[in-house]
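S.K.: coords please:
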Amino acid sequence: MSTEPRTFTVAADDDGIRLDRWFKRHMGEEVSFNLVSRWARTGQLRVNGEKATPGDRILAGQTIRIPPREAQPVRSARPQRVLEPLTDDERSFVQEMVIETTPDAFVLNKPPGLATQGGTKTDQHLDRLLDGLADEEGNRPKLVHRLDKDTSGVLLVARSARSAAYFSKSFSGRTARKVYWAIVVGDVGPDEGLIDAPLAKQPGTGGEKMHVAEDGQPARTRFRVIDRAGTRAAFVELQPLTGRTHQLRAHMAYLGHPIVGDAKYGGADAFLTGGVSRKLHLHARRLKIDAPGGKEIDVSAELPAHFAETLATLGFEARDGDNMPLDRPDPAKSPEVQARRKAAAAKTARKERKGERRGRGASSAPSKSPRPKGPPKGRGR
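M.R.: Below is the predicted model:
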């Protein structure tokens, strides 16, 4: 075997993806994430000759350099779990989820209770079922975003690595518009507002639950009340302006109005009496996103049965939610907010400059030497 470092050129289909994602896509059987991290720490992972980290995004045409094959530590043999091929019922199940097909994507209506990806003790998940949407050459669609297991609604999967990279940029760059519907406990109060509360993993939960924390990651959600059932419940529209784990659920609980059925964040207070379903009432209603070639995908997903039944029970109408205008500006980007931020930044800069001038003035002022004492008055030599 060669002892020279190995080099690879980033293909067009991989333009814009994270470096760790590139390794998973092309060297998943040979290179683990831990090994990639070790190469990065020791300076052996290079992109275009520069040190790189697993989270760096790569561009088409760049070169990736890694150590030679024999320099890798021997990996212990681990039995690989073999997934059973899909049954006819499973293929029909995932094909029935498709609500729109384009040259670049399948748009699905994910049912509640189906995990997007596998994990511990989770063998049945959407990622496995995507084999049922593979083309004649066996190329299967690729996930580019996810929904929580109990959240239903619009979920887009890319039909190629190139379109996956394109859509991933839209989601990470926040140019995709996502509209969720939720039924929450109580009367939210204002008709609309912006929740700006950073989120962090809650200690002691193994990372399975988030909470509002000053040192958390920025998290912002815009909400609008569609209708109210007195003080019992409200039908709301939620638009995540950032993409934190469980963001919508944690933010509504933070307001004191947990989403109906969300025991994780609302406890016993998250349930309504009167025959209202105990399932989570959070639905990804609409997705509007640019597609390759300057096209646009704008799709809405029908409500699951339990959500539709609760709307009827509480006297809400789905059409009221659909009549809410989508293209409203992000409140944080409004001219008023931007002007206040610029004024605050200018004020801070003036204070800093004033402090610097004071510091320079104090350091440049001539020091006062004690006046030499002459002979006492009236005394001569």
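S.K.: give me phi/psi at Asp131?
M.R.: When quoted as degrees, to the nearest 10, the phi and psi of Asp131 stand at phi -60, psi -30.
S.K.: again, but for Glu309
M.R.: Per degrees, to the nearest 10, the backbone of Glu309 is at phi -60, psi -40.
S.K.: so where's the stretch 51-200 of the chain uncertain?
M.R.: Counting by pLDDT under 70, the stretch 51-200 of the chain has low-confidence residues at 70-83, 119-122.
S.K.: so which residues of it form strands?
M.R.: Along the stretch 51-200 of the chain, the segments classed as strands by DSSP state E, counting those that start in this stretch run 63-66, 98-101, 105-110, 142-143, 152-158, 177-185, 192-196, 199-201.
S.K.: need these in a markdown table (columns: mean neighbour count and distance to Phe223).
M.R.: Glycine gets a C-beta too; all of them are placed from N, C-alpha and C. Supplementary listing: the strands of the stretch 51-200 of the chain in a markdown table, determined by neighbours: other C-beta atoms under 10 Å; distance: least, C-beta to C-beta, whole Å:
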| stretch | mean neighbour count | distance to Phe223 |
| --- | --- | --- |
| strand 63-66 | 18 | 43 |
| strand 98-101 | 14 | 25 |
| strand 105-110 | 23 | 22 |
| strand 142-143 | 18 | 27 |
| strand 152-158 | 25 | 17 |
| strand 177-185 | 23 | 9 |
| strand 192-196 | 16 | 6 |
| strand 199-201 | 18 | 16 |
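S.K.: can I get those strands in TSV with distance to Asp322?
M.R.: Output for these, formatted as TSV (distance: least, C-beta to C-beta, whole Å):
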stretch	distance to Asp322
strand 63-66	47
strand 98-101	15
strand 105-110	15
strand 142-143	27
strand 152-158	14
strand 177-185	10
strand 192-196	17
strand 199-201	29
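S.K.: Arg244: which of those strands is closest?
M.R.: Put simply, out of the strands of the stretch 51-200 of the chain the one that sits nearest Arg244 is strand 199-201, at 4.7 Å, with distance taken as C-beta to C-beta.
S.K.: what does whichever helix or strand comes after that closest one contact?
M.R.: Using DSSP states H and E, the helix or strand that follows strand 199-201 in sequence is strand 210-212. Counting by C-beta atoms under 8 Å, 6 or more residues apart in numbering, the neighbours of strand 210-212 from elsewhere in the structure are 197-202, 216, 244-247, 250, 254.
S.K.: show me what counts as buried in strand 210-212.
M.R.: Of the residues in strand 210-212, 210-212 count as buried by neighbour count, 16 or more other C-beta atoms under 10 Å.
S.K.: adding pLDDT, write those out as a markdown table.
M.R.: Rendered in a markdown table, the data for these read as follows (pLDDT from 0 to 100):
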| residue | pLDDT |
| --- | --- |
| Met210 | 95 |
| His211 | 95 |
| Val212 | 96 |
